[in-house]
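**Student:** give me a 3D structure for the following:
(one chain, ligands or ions: 2)
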Amino acid sequence: MGPKSIKKIGDTELQLIWDDGHDSRFTLGQLRDQCPCAGCQGETVLLHTYVPAPADKATPGRYDLRDLSLVGSYAMQCAWGDGHSTGIYTWERLRSSCPCDICAALHGSVNSTN
Ligand SMILES: [Zn+2]
Ligand SMILES: [Zn+2]
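**Tutor:** Ligands and ions are numbered 1, 2, ... in the order given. Just a heads-up that it's a prediction; the model follows:
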């Protein structure tokens, strides 16, 4: 699975159209705040858990998507206006965090039956 098209919509959204025709739209804010790199999300190495400092969301350029590059055939890497570019977003991760109604209902049904 992978997107057959990735494009920016205006200044605030990124649209991915998947090879099964599904259409995902992420706001750049969502993507940036969910940046999967260790610097943003923290990591656990052996017994040591590293928790990052809270992000300063007022950093100029933070939500400005400057560049996108593909990583192999499984992910994309975003370069942001504040110079941050270590986040690698796998297709799997993007698809499973798709904010559309269909996916929300699908994910919701896991937790909210009855
Ligand atoms: Zn990051
Ligand atoms: Zn979706």
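**Student:** any residues touching the longest helix along the chain, and which ones?
**Tutor:** Determined from DSSP state H, the single longest helix within the chain is helix 101-111. Helix 101-111 is contacted from outside by His22, Ser24, Ser96, using Cβ atoms under 8 Å, 6 or more residues apart in numbering. Any C-beta I mention is one placed from the backbone N, CA and C, and that applies to glycine too.
**Student:** and which of those is nearest Ala79?
**Tutor:** Nearest to Ala79 among these is Ser24, at 20.1 Å by Cβ to Cβ.
**Student:** can you confirm the closest one is in a strand?
**Tutor:** Yes: assessed by DSSP: H, G, I helix; E, B strand; the rest coil, Ser24 belongs to a strand.
**Student:** and it, what does it touch?
**Tutor:** With contact taken as Cβ under 8 Å, 6+ apart, Ser24 is in contact with Gln15, Leu16, Ile17, Trp18, Leu94, Arg95, Cys98, Pro99, Cys100, Cys103.
**Student:** taking the residues you listed one by one, which sit in helices?
**Tutor:** Counting by DSSP H, these place Leu94, Arg95, Cys103 in helices.
**Student:** measure the second one to ligand 2 for me?
**Tutor:** The spacing between Arg95 and ligand 2, counted by Cβ to the ion, to the nearest Å, is 8 Å.
**Student:** does that residue touch Asp20 like I think?
**Tutor:** No: counting by Cβ atoms under 8 Å, Arg95 does not reach Asp20; the two are 9.5 Å apart.
**Student:** can you tell me which residue is spatially central in the chain?
**Tutor:** By Cα atoms, centre = their mean, the mean C-alpha position of the chain lies nearest to Leu31, the distance being 3.8 Å.
**Student:** state the helix or strand in which that one lies.
**Tutor:** Assigned by DSSP states H and E, Leu31 belongs to helix 28-33.
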